[in-house]
Every structure is written in C-alpha cells, then in structure tokens.
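1. how would this look folded up:
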Amino acid sequence: MPVETRPMKPSITRAARTIALSAATLLSGPSATAADKFTYLTNWYAQAEHGGFYQAQATGLYAKAGLDVTLKMGGPQVNLLQLLVAGQTDCIMGYDIQVMKAWEQGIEAVTVAAAFQKDPVVILAHPHIKRFEDLKGKTILVGSAGQVTYWPWVKSRYGFTDAQVRPYNFNIQPFLADKDVAQQGYLASEPHSIEQIGKIKPSVFLLSDLGWPPYATSIVCTAQTIKTRPRQVAAFVQASMQAWKSYLQGDPSPANALIKKDNPNMTDDLIANGMAKMKSEGVVMGGDAATLGIGVITDARMKKTYDMLVQHRLLDPAKVPLSRTYTTQFVKDLKVLP
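-> Reported below is the predicted structural model:
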C-alpha cells in the first residue's frame with residue numbers, strides 16, 4: 001500500500017530553504033561573495049621573473065582566495081612608490097633598499113614577503129677571469145642605481161675603488177669590445193645576451209652568493225593598506241607563494257601564456273632562460289625558503305641589509321625605524337615549502 005505524502009507547510013519549506021542557502025554559503029567560502037579587487041604593480045615588463053604572480057592569475061589561485069587581482073606592468077618611466085602612495089595600486093613589486101630609503105622621504109612602505117631570496121644582480125667578466133677578486137683594478141661598468149646600492153658594499157668588501165667605475169648604459173658592446181672590461185647585469189638578462197650576440201660564455205658573479213644581503217621581487221604595501229586590508233594582503237601573499245611553487249615545479253604554461261600576452265616582445269627562449277636561472281641558482285627556493293617556505297623574510301636578514309646601508313652612509317637611521325620597514329606576519333606561518 002503506497003505511503004501517503006503530505007506537502008510541507010509553507011513556513012517549514014521557507015525555513016528549510018533558508019537553512020540550505022546558509023549552509024551553501026558557508027561551504028562555498030570566498031567565491032560565494034564578490035571578490036575583493038586588488039592591484040599589484042610589477043617593476044618591469046612581464047617576464048619569467050614575474051612568473052609566480054602570473055601563474056596565480058592564470059590558474060585561478062587569486063580567485064580561489066577571494067581576490068579579483070589586476071597585475072599591472074612597470075617600466076622605465078614608472079615610479080612605483082609614487083603610484084603606491086597615490087593609491088593607484090595596493091602593493092608593488094619592491095626591493096629592500098628602495099623600501100628603507102622611502103622612509104627617509106616620509107613614505108611608510110612595508111615589505112610583507114619576498115619572492116626572491118637572492119637579488120639577481122650580477123657582475124660579468126670575460127671567461128679568463130675566474131675569481132671576483134681578480135677584478136680589482138679593472139674597469140667595471142656600473143649603472144647609476146648600482147653606484148648608490150651595491151657598489152659601496154663591493155668596494156668595502158673587496159678593496160675596489162671608484163677609479164675603476166665607468167657608467168653602464170645598458171649596452172653590452174663596450175664589454176664585448178674589451179676583454180679587460182667587466183659590467184653589471186641581471187642573472188637572466190645580460191649573460192644570455194652576451195652568449196647570443198658575443199658568442200662567448202662570460203664569467204658570472206652573483207652578488208648574493210658573495211654575501212650581498214637584500215631580498216628582491218618582494219611584495220610591498222603601505223602601512224595603511226596592511227592596517228585596513230590585512231585579509232586581502234594575506235590572501236595575496238599566500239596565493240602568490242603557492243603559485244611560485246606551481247610555476248617552478250609544476251606546469252608553467254598558464255603563466256607563460258599570460259606573460260606573452262602582456263608583453264608581446266617576450267619569447268619562449270627568454271622565458272626558458274629565466275626559469276632555468278631561477279632554478280639553478282636557487283633564487284626563489286634557495287636560502288631560508290628551503291626550510292621556512294617560499295616568500296619568507298627574516299629579522300636577521302633585514303637587519304643585515306639595514307646595517308650595511310647605515311655602515312656605508314646610504315641610510316639615515318634617525319629617519320628609518322628598521323622594525324617598521326617590514327613585517328613577518330604574513331609569511332612566518334605560511335610555509336610553502338619547495
């Protein structure tokens with residue numbers, strides 16, 4: 001005999017629907033609500049060295065974290081700090097020294113994570129130069145920014161002199177024309193160009209391996225943004241570092257497609273070279289990142305950079321409170337291990 005069914009009373013039906021909808025909202029997490037808009041401004045045109053951020057965008061990691069992220073490219077005429085202070089971006093791709101110097105100008109910029117454990121700045125020499133010390137007395141082409149950042153440290157550490165320095169104008173021809181000339185460069189840029197154009201394999205000295213302390217490719221926000229949008233900053237940091245792991249240890253094609261879309265001048269060869277250098281030199285996953293997680297920053301490392309700047313009179317300690325130029329709150333428990 002069939003069991004008689006009775007329709008539920010309207011009030012019970014409405015209550016059940018309300019409970020079901022509430023449960024669905026709780027279970028679906030951030031995606032159930034409108035994603036928070038978040039802008040990150042990089043320091044140059046899109047390239048492999050920005051790959052983790054593009055991977056997070058391309059694979060939906062930012063969206064899963066409840067963020068609607070816009071990645072904006074920097075460039076030679078883009079003043080990152082100016083745009084950060086003006087509120088045109090939530091965070092920028094920064095550099096320890098840049099952040100600390102900003103405090104001298106009253107800009108409260110704060111480093112919250114560092115994708116690169118090693119600053120990719122290098123000094124290049126001709127193949128017959130096997131030791132960095134052997135560059136003493138030889139001409140070294142150094143850019144204007146380098147002359148007020150790493151060069152004072154190099155001079156002090158290796159006994160070099162200002163008489164050795166000539167301006168570097170981002171042209172490798174003077175280097176190729178003279179075997180006794182060395183020059184600055186970036187790990188995945190000038191060495192590759194010299195090999196391709198000059199048909200020589202230069203000696204490459206990564207300053208980070210010689211003791212140069214700053215981090216690079218960091219996430220820098222204002223103190224105000226950290227105070228008013230801590231959840232969004234935390235979500236951006238976490239998704240970005242997870243994506244760096246995915247980019248270098250998984251399938252990088254989603255990020256690379258997006259990089260080439262943003263920067264049509266980027267080639268597969270340049271991307272492959274950038275990725276290879278980041279992997280072989282432990283730029284992202286080496287150093288403290290190997291045990292503490294990708295993106296980590298430590299008090300000891302920051303103090304080392306700060307003390308170095310003060311020692312060489314590149315920073316006024318009276319105007320720059322070290323403890324306020326960075327925070328470990330977003331990375332200390334993150335532990336995205338390689």
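
2. how about the spatially most central residue of the chain, secondary structure?
-> Nearest residue to the geometric centre of the chain (Cα atoms, centre = their mean): Thr217, 1.9 Å. Here Thr217 is recorded as strand under DSSP: H, G, I helix; E, B strand; the rest coil.

3. now do the contacts for it.
-> Contact analysis of Thr217 by Cβ atoms under 8 Å, 6 or more residues apart in numbering lists 43, 49-50, 93, 114-116. Any C-beta I mention is one placed from the backbone N, CA and C, and that applies to glycine too.

4. same deal with Thr70?
-> Counting by Cβ under 8 Å, 6+ apart, Thr70 makes contact with 37-40.

5. now stretch 53-70: buried residues?
-> Residues of stretch 53-70 classed as buried: 53-59, 61-67, 69 (neighbour count, 16 or more other Cβ atoms under 10 Å).

6. nearest to Val310 among these?
-> Phe53 (31.6 Å; Cβ to Cβ).

7. that closest one contacts Thr42, doesn't it?
-> Yes - counting by Cβ atoms under 8 Å, Phe53 touches Thr42, with 7.2 Å between them.

8. what do these two both touch?
-> Leu71.

9. outline the domain layout of this structure.
-> What automatic domain parsing lists as the domains of the chain is 32-117+214-324, 121-210.

10. point out the most buried one among these.
-> domain 32-117+214-324 (a mean of 19; mean count of other Cβ atoms under 10 Å).

11. show me the strands in this protein, by range?
-> 36-41, 67-72, 91-94, 109-116, 121-125, 139-142, 165-167, 181-186, 203-206, 216-222 (DSSP state E).

12. quick revisit: need the domains of the chain in CSV (columns: distance to Phe330 and mean pLDDT).
-> What follows is these, written out as CSV (distance: least, Cβ to Cβ, whole Å; pLDDT from 0 to 100):
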stretch, distance to Phe330, mean pLDDT
domain 32-117+214-324, 4, 97
domain 121-210, 23, 96
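
13. how close does Val331 sit to Leu80?
-> Going from Val331 to Leu80 by Cβ to Cβ, to the nearest Å gives 21 Å.

14. just Asp269 next, same as before
-> Asp269 is 28 Å from Leu80, by Cβ to Cβ.

15. got it, and Met100?
-> Taken as Cβ to Cβ, the span from Met100 to Leu80 is 15 Å.

16. tell me if I'm right that Val181 and Phe175 touch.
-> Yes - assessed by Cβ under 8 Å, Val181 is found in contact with Phe175 at 5.4 Å.

17. and for the two, which residues touch both?
-> Joint contacts of Val181 and Phe175 (Cβ under 8 Å, 6+ apart) are Leu141.

18. disregarding flanking residues, what is the spatial nearest neighbour of Ile271?
-> Ala48 (4.6 Å; Cβ to Cβ, 6 or more residues apart in numbering).

19. ditto for Pro254
-> According to Cβ to Cβ, 6+ apart, the nearest residue to Pro254 is Ala58 (3.6 Å).
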